[in-house]
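In: Give the three-dimensional model of this entry:
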Amino acid sequence: MRVVVAGGGGLALHVVRRLRAHGHGVALVCATREEADRAVTRFEDVVVVVGDATDPAVLEGVETRAADLLVALCATDPETLLACLLATRRFGVPRTVAQVHDPDNGELFRVLGVGSVVSGAEILGGVIEEESGFEGIATRVALAGGRVGVVEVRLARDAPAVGSTLEALRLPAGALVAAVLRDDAVIVPRGAAALCAGDRLLLVSEASVAGAALERLVGAR
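Out: Alright, predicted model coming up:
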């Protein structure tokens, strides 16, 4: 896959490193010469240019038309949105990913056709809420721009779900336990499966019902 990353800084370098580790071809558009120099010293096989990612000529120069994906990590949300719109509407890039600085802008990005919108503030806020409100939260992954989450939950001995079945728990609509990790076994749960202390559950839920689902599984602090 060929990817254009628009935006410099530490996050962009991390994204480039991950993409290269998976064998993808990458072109990086940096806003400043300093950012570009850092990238050049780290990645010998990455095309690095200095320029404005909202300038069609700059995007043309890194062959955006041949890209499969554009990742926009610009300094401001308007710049990020414009880079994504240029990629899709002018250069025909099939997929775009955007980082928004203001979570309130996320819905506008989606309405205008940005494929995936990520808000660091929303993800961090969700983690803080869960860590401060519930015991046993191990990991959290946000999908679909934060609208869906995958959470790993460990059941303590006094968790309300211990000894109960998933059917009896009656998780809210929009939430389900996708897998149960018990010792070295991975169990695809059925409604009649009883849960045990020490089980690790992979909970997939819509953001709006995540709190209610977690409360039924592990209880509220």
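In: what mean pLDDT does stretch 40-52 have?
Out: Averaging pLDDT along stretch 40-52 gives 93.
In: Please disregard the earlier target; I meant stretch 159-174.
Out: The predicted confidence, averaged over stretch 159-174, sits at 89.
In: ok, now stretch 59-74?
Out: The pLDDT scores in stretch 59-74 average 95.
In: Send me that stretch as PDB with only the CA atoms.
Out: Taking only C-alpha atoms (Å, rounded to 0.1, in the frame of the first residue of the first chain), the coordinates of stretch 59-74 have been written out as PDB:
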ATOM      1  CA  LEU A  59       0.400  16.900  -3.000                       C
ATOM      2  CA  GLU A  60       1.000  16.500  -6.700                       C
ATOM      3  CA  GLY A  61       4.700  16.500  -6.100                       C
ATOM      4  CA  VAL A  62       4.500  13.400  -3.800                       C
ATOM      5  CA  GLU A  63       2.300  11.600  -6.300                       C
ATOM      6  CA  THR A  64      -0.800  11.700  -4.100                       C
ATOM      7  CA  ARG A  65      -2.800  10.500  -7.100                       C
ATOM      8  CA  ALA A  66      -1.200   7.100  -6.800                       C
ATOM      9  CA  ALA A  67      -1.800   6.800  -3.100                       C
ATOM     10  CA  ASP A  68      -4.100   4.300  -1.500                       C
ATOM     11  CA  LEU A  69      -4.400   6.300   1.800                       C
ATOM     12  CA  LEU A  70      -3.700   9.800   3.100                       C
ATOM     13  CA  VAL A  71      -3.100  10.300   6.800                       C
ATOM     14  CA  ALA A  72      -3.600  14.000   7.800                       C
ATOM     15  CA  LEU A  73      -1.900  15.100  11.000                       C
ATOM     16  CA  CYS A  74      -1.700  18.900  10.300                       C
END
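In: Okay, buried residues for that stretch please.
Out: Neighbour-count burial for stretch 59-74 flags Leu59, Val62, Thr64, Ala67, Leu69, Leu70, Val71, Ala72, Leu73, Cys74 (criterion: 16 or more other C-beta atoms under 10 Å). For glycine as for every other residue, the C-beta is placed from the backbone atoms N, C-alpha and C.
In: now what about that stretch, what contacts it?
Out: In this structure, residues lying in contact with stretch 59-74 by C-beta atoms under 8 Å, 6 or more residues apart in numbering are 1-7, 9, 11-12, 15, 27, 29, 31, 47, 49, 51, 53-54, 79-81, 83-84, 86-88, 90-99.
In: for this structure, what spans make up the strands?
Out: Taking DSSP state E, the strands of the chain run over residues 2-6, 25-30, 47-50, 69-72, 95-100, 116-119, 137-143, 148-154, 175-182, 185-187, 200-206.
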